[in-house]
Structures are given as structure tokens and as C-alpha cells.
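Visitor: no FASTA, just this:
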């Protein structure tokens with residue numbers, strides 16, 4: 001099955017919007033058709049009755065691809081090593097990403113973070129597709 005990478009990336013971003021596991025995305029292994037389901041009812045179409053069968057792949061949550069806190073800590077070690085302990089401390093309580101981004105803005109590293117996050121997300125998602133035998137175009 002071949003699917004456009006932008007379709008996989010769009011579905012991944014929708015799945016990872018908001019709180020973890022509020023949204024689900026699937027790819028049909030035979031057709032490449034994508035499906036999206038939200039706990040909040042923003043569903044354009046019903047999921048197939050057999051969505052839980054092996055012919056569908058569930059899009060992973062970013063934490064399953066080490067794109068959550070692990071990515072923050074990797075970025076910190078590479079770009080803000082002197083702030084590492086402070087950032088680890090930030091991530092011990094709620095609202096961590098907002099405080100992390102405020103720190104990045106104050107240090108002039110926010111654009112660098114967005115670039116780092118995008119590059120690592122795309123690589124992790126391409127790697128996931130490869131492991132799942134999804135041929136991607138674009």
C-alpha cells in the first residue's frame with residue numbers, strides 16, 4: 001500500500017491534538033484510506049465496523065514514538081544544556097509545555113525548537129511507516 005506522507009502526517013497531527021488518546025486515526029492496509037475518530041464527536045464519517053481487525057493500523061500517539069518529553073530533553077541537551085535541570089523540573093508538573101515554550105522564547109530558541117520538533121517528528125513517523133510496511137510518497 002502506498003500513501004502520501006502528508007496524509008499520514010496530517011492524521012498524526014490530528015490524533016495528537018489535545019489530550020492524549022482523545023482522538024484516534026487509522027490507515028487501511030489494503031487501500032491506504034485514512035479514518036479519524038474523536039471522542040468529541042467531530043467525526044465526518046463513521047469508522048468501519050471492522051476497524052479493530054488487523055487490516056487497519058492505528059496511528060501512534062507521539063509518546064509512543066518518543067516525541068513527548070524525551071524530545072524536549074534531547075533538544076535541551078543539544079541546545080540549552082545549562083537549563084537541563086530547570087527544564088526537567090518544569091516537566092514534573094502540569095502546564096509544562098507552556099512554561100517550556102516561555103523559556104524558549106525568553107532564550108531566543110523557540111524557532112529552533114519548532115524546527116527540531118518538526119524534523120524529529122517527520123523522521124519518527126517515516127520510520128514508523130517503514131516498520132509497518134507502509135510505502136510513502138512525497
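Guide: That came in fine, so what should we check first? From a predicted model like this one, the values you see are computed outputs, not experimental measurements.

Visitor: Now do the residue of the chain most remote from its centre against residue 138, distance only.
Guide: Relative to the centre of the chain, and counting by C-alpha atoms, centre = their mean, the farthest-placed residue is residue 82 at 26.9 Å. According to C-beta to C-beta, to the nearest Å, residue 82 stands 39 Å off from residue 138. From N, CA and C alone the C-beta is placed, and that goes for glycine too.

Visitor: before we move on, back to that, so what pLDDT did the residue farthest from the centre of the chain get?
Guide: Note on residue 82: pLDDT of 96.

Visitor: Mind checking what secondary structure it has?
Guide: Secondary structure assignment for residue 82 (DSSP: H, G, I helix; E, B strand; the rest coil): helix.

Visitor: From residue 90, how far off is it?
Guide: Residue 82 is 14 Å from residue 90, by C-beta to C-beta.

Visitor: still on that earlier bit, from residue 76, how far off is the residue farthest from the centre of the chain?
Guide: Counting by C-beta to C-beta, the gap from residue 82 to residue 76 is 9 Å.

Visitor: What about residue 62, how many residues nearby?
Guide: 19 (other C-beta atoms under 10 Å).

Visitor: That one contacts residue 18, correct?
Guide: No - applying C-beta atoms under 8 Å, one finds residue 62 not in contact with residue 18, separated by 11.9 Å.

Visitor: any idea how far residue 101 is from residue 114?
Guide: Shown here: residue 101 relative to residue 114, a distance of 10 Å by C-beta to C-beta.
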